[in-house]
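# would you be able to build a 3D model of this:
(chains A and B)
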Amino acid sequence: MAKAMERLGNWFTERAPGLMPLYRAHMTEYYAPKNFNLWYYFGSLAILVLVNQIVTGIFLTMNYKTSALEAFNSVEYIMRDVEWGWLIRYMHSTGASLFFVVVFLHMFRGIMYGSFKRPRELVWILGMLIFLVLMAEAFMGYVLPWGNMSFWGAKVIISLFGTIPYIGHSLVEWIMGDFLPADATLNRFFALHVIALPIVLLLLVVLHIAALHEVGSNNPDGVDVKHGPKGNRWDANAPADGIPFHPYYTVKDLVGVGFFLIIAAFIIFFAPTFGGWFLEHDNFTPANNLVTPSHIKPSWYFTPFYAILRMIPSFFGTAIWGVLGMFGAILLLALLPWIDRGEVRSVRYRGLGFRIALAVLVISFLALGLVGAGVTAEVIPEWFPHADVTTWENAFGRVMVLGYFGFFIFLWVYTHFGFEKTKPVPERVTTHD
Amino acid sequence: MANEVVDQGRRRFLTATTAVVGGVGVVAAVVPFIKSWEPSARAKAAGAPVTVDISAIEAGQKVTFAWRSLPVFVVNRTKEQLAQLQGLEPRLLDPKSTDPDQQPKYAQNEARSIKPEWLVVIGLCTHLGCVPDFVPDIKPEPFDANWKGGFYCPCHKSRYDIAGRVFSGVPAPKNLPVPPYHFVDDTHIQIGVDPQEAG
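As a prediction, the model looks like this:
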């Protein structure tokens, strides 16, 4: 038996000599820093969710009907009549939200430990591209059930392009293929959602990991293990503070996977709509182009950016400023490697200013999420019955917009003019033997 | 042929011309794919003009008709509502309806209509295209203590007066658009065709 396996292995090696070296370079002989902590689960969890989305997505297409007349009913059919259809759909819809949860945490990890900094700028840029494609993918997927929130969400988001001067109006009709979101829109979104964007997404993920393995992983201390002492017990030339990705981190990640799946299963079985946050109530009625839901709001993962859009008023006769602000918020994140000029990577050794700014970024982002989701519009009249809701919501939201953009401005000034007082960075990761 | 010397100039010329011709071919091949996203002949045909009966619309009432799948509001305004229009001007962004894209010439007047009492507007907020609510009563509202009747967008709180003119300080940048329309007779209007075209 063992001999047969060896012969089979040799058969492959003769015909594809690059396969085993590729496996070794990325798994058993990829030496990752030994001090990864909890924050390092989210990359592999994102891959897990991606696989879940692809598998459940394939099975959903087997019963979903791409037509404005049939789409809503086919989703109901999946939920009620298809054996286990409800589970597959809830795995897909919950997976979409959890995708953003792990990606946001993954991005926060990168900012906190300076993983975007030299020499990992390309890893960061590729990651931001993944984030953009993921947002497009999620938006189009949200349109497919053709509920009323799907319809109006699509209308509002596509109308963003209508604010572009001169070409805006025809661009909107071109995207929709009609004068309103219609059958043509639904069909093209389906094509993009199940074929075009997933291919791009997979390619970007491969490039993201390839670029990472080229320069090596960062770690909570932000020191380069590649530049540290050499020689560990597997290889005399490998970094002393590195351990093979497989089996060490594959096994560690399995623990994270276990915890993650428990949480995911709880949501899927007990709270699949998550109180209207993961699946919105208005989307349980079919699309109707003559009736607007009382609160049009996008899925929760778009709400911080949506709030930026809403909080910036239109002037000079155009509404494009909010749109520019919204896309600018994402662009600034992508430019972070060039905005942050600090040499020290990890928050552990960075100045107090950075820590405070990072906290402000997180608070503003979450607060904008609440504004975008309409929570402030509900809470203000409850807490302050006599206050003017619009004025106070705008005041609060605009302060948070300033907080978000202020992070990037402050960070540039703070690091470019050398105001940052950093602590000494250790030579090696702090947990070495 | 035994060409010992490579003619670099000739090679560059051939590379450049091949690239240019190939590039033109690629651009030409992309055109059909881009154009396939335009509204189809069927979608355009569905955008034909519609004639609607307005005889049953009572004073102060709004009825929504569909034209090109767009909601078109037809409001039979009362004398009282029309009387409010002048006093609102300081609070409006474009009280004189100066933007030529938002209404045809024949609706560029204070009431933004052919006949003062009949308002015909496309009921989509000029901010992001939601359908504004019709809030006709002249009384204080939670969103405006000095409300004179008009339209209120529930999405992002844009406000319009009873002629579809947008207030200042709201997200919407423009007045509600008036579609081309004309009166076929006293009780019918055709939406989608200008009076002179019909004339």
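
# roughly how far apart are the residue nearest in space to the middle of chain A and residue A:295?
In chain A, the residue lying closest to the centroid (C-alpha atoms, centre = their mean) is residue A:103, at 3.8 Å. Going from residue A:103 to residue A:295 by C-beta to C-beta, to the nearest Å gives 26 Å. Backbone N, C-alpha and C define where each C-beta goes, glycine included.

# re earlier: so after the host helix or strand of the residue nearest to the centre of chain A, what's the next helix or strand?
Using DSSP states H and E, residue A:103 sits within helix A:85-112. For helix A:85-112, the following helix or strand on the C-terminal side (DSSP H and E) is helix A:121-143.

# gap between that next one and the chain center?
7 Å (C-alpha atoms, centre = their mean, to the nearest Å).

# touching chain B at all, that helix?
No: Helix A:121-143 stays clear of chain B (C-beta under 8 Å from any C-beta of the partner chain), getting no nearer than 14.2 Å.

# now that helix: average pLDDT?
Helix A:121-143 shows a mean pLDDT of 97.

# ok, now stretch A:97-108?
98.

# what's the spacing between the residue nearest to the centre of chain A and chain B?
Taking C-beta to the nearest C-beta, to the nearest Å as the criterion, residue A:103 is separated from chain B by 26 Å.

# then residue A:154?
10 Å.

# okay, now that residue: neighbour count?
Per other C-beta atoms under 10 Å in any protein chain shown, the neighbour tally for residue A:154 reads 25.

# any residues touching the host helix or strand of it, and which ones?
Using DSSP H and E, residue A:154 maps to helix A:148-159. When contacts are defined by C-beta atoms under 8 Å, 6 or more residues apart in numbering or on different chains, helix A:148-159 is touched by residues A:139, A:142-144, A:172, A:175-176, A:180-181, A:185, A:189, A:280, A:282-283, A:285-289, A:291-293, A:296, A:298-299, B:128-130, B:155.

# what do you get if the cut-off is 6 Å, keeping everything else the same?
A:142-143, A:172, A:175-176, A:181, A:280, A:282-283, A:285, A:287-288, A:292-293, A:296, A:298, B:128-129 (C-beta atoms under 6 Å, 6 or more residues apart in numbering or on different chains).

# okay, angle between that helix and helix A:121-143 too, please.
Taking axes from the mean of the first three to the mean of the last three C-alpha atoms, to 10 degrees, helix A:148-159 and helix A:121-143 form an angle of 130 degrees between their directions.

# beyond helix A:148-159, next helix or strand please.
Next along from helix A:148-159, by DSSP H and E: helix A:168-176.

# which parts of chain B are strands?
With DSSP state E as the criterion, chain B has strands at B:50-53, B:62-67, B:70-76, B:118-122, B:133-135, B:150-152, B:159-161, B:181-185, B:188-191.

# can you name the residues of chain B that neighbour chain A?
B:37-39, B:43, B:68-69, B:71, B:127-131, B:154-157, B:171, B:173 (C-beta under 6 Å from any C-beta of the partner chain).

# could you flag which of these are buried?
B:39, B:43, B:68, B:71, B:127-131, B:154-157, B:171, B:173 (16 or more other C-beta atoms under 10 Å in any protein chain shown).

# all helices of chain B, in order?
Secondary structure of chain B, counting by DSSP state H: helices at B:8-35, B:41-45, B:79-83, B:195-198.

# need those helices in TSV with distance to residue A:156 and mean pLDDT, can you?
Formatted as TSV, the helices of chain B follow (distance: least, C-beta to C-beta, whole Å; pLDDT from 0 to 100):
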stretch	distance to residue A:156	mean pLDDT
helix B:8-35	24	95
helix B:41-45	21	84
helix B:79-83	29	88
helix B:195-198	33	76
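
# most tightly surrounded among these?
Ranked by mean neighbour count under mean count of other C-beta atoms under 10 Å in any protein chain shown, the helices of chain B are led by helix B:79-83, which reaches a mean of 15.

# quick check: residues of the stretch 251-400 of chain A near chain B?
Counting by C-beta under 6 Å from any C-beta, the stretch 251-400 of chain A sits next to chain B at A:289-290, A:292, A:294, A:296, A:310, A:314, A:317-319, A:390.

# same thing but at 8 Å, please
So the stretch 251-400 of chain A meets chain B at A:289-292, A:294-296, A:310, A:313-314, A:317-319, A:322, A:381, A:389-390 (C-beta under 8 Å from any C-beta).

# and for residue A:13, the neighbour number?
Counted with other C-beta under 10 Å, the neighbours of residue A:13 add up to 13.

# grab the nearest non-local neighbour of it.
residue A:20 (6.3 Å; C-beta to C-beta, 6 or more residues apart in numbering or on different chains).

# do the same with residue B:147
Nearest to residue B:147 is residue B:141, by C-beta to C-beta, 6+ apart, at 4.4 Å.

# gap between that neighbour and residue B:84?
Taken as C-beta to C-beta, the span from residue B:141 to residue B:84 is 14 Å.

# please apply the same query to residue A:283.
In terms of C-beta to C-beta, residue A:283 sits 38 Å off from residue B:84.

# so for those two, which residue has more residues nearby?
residue A:283 (24 against 18).

# show me what contacts that one?
Residues in contact with residue A:283 (C-beta under 8 Å, 6+ apart) are A:145, A:147-150.

# neighbours of the residue of the stretch 301-433 of chain A found nearest chain B, how many?
In the stretch 301-433 of chain A, the residue that lies nearest chain B is residue A:314 (4.0 Å; C-beta to the nearest C-beta). Using other C-beta under 10 Å, residue A:314 has 22 other residues around it.

# hmm, residue B:168 and it touching each other?
No: look at residue A:314 against residue B:168 with C-beta atoms under 8 Å: they stay out of range, at 10.5 Å.

# least trustworthy helix or strand in the chain by mean pLDDT?
No chain specified, so I'll use chain A. helix A:375-383 (a mean of 86; mean pLDDT, DSSP states H and E).

# wait, chain B
helix B:195-198 (a mean of 76).

# taking the centroid of chain B, which residue is nearest it?
Note: chain B centre (C-alpha atoms, centre = their mean) maps to residue B:177, 4.7 Å.

# so for that residue, what's the pLDDT?
Reading off the model, residue B:177 has pLDDT 92.
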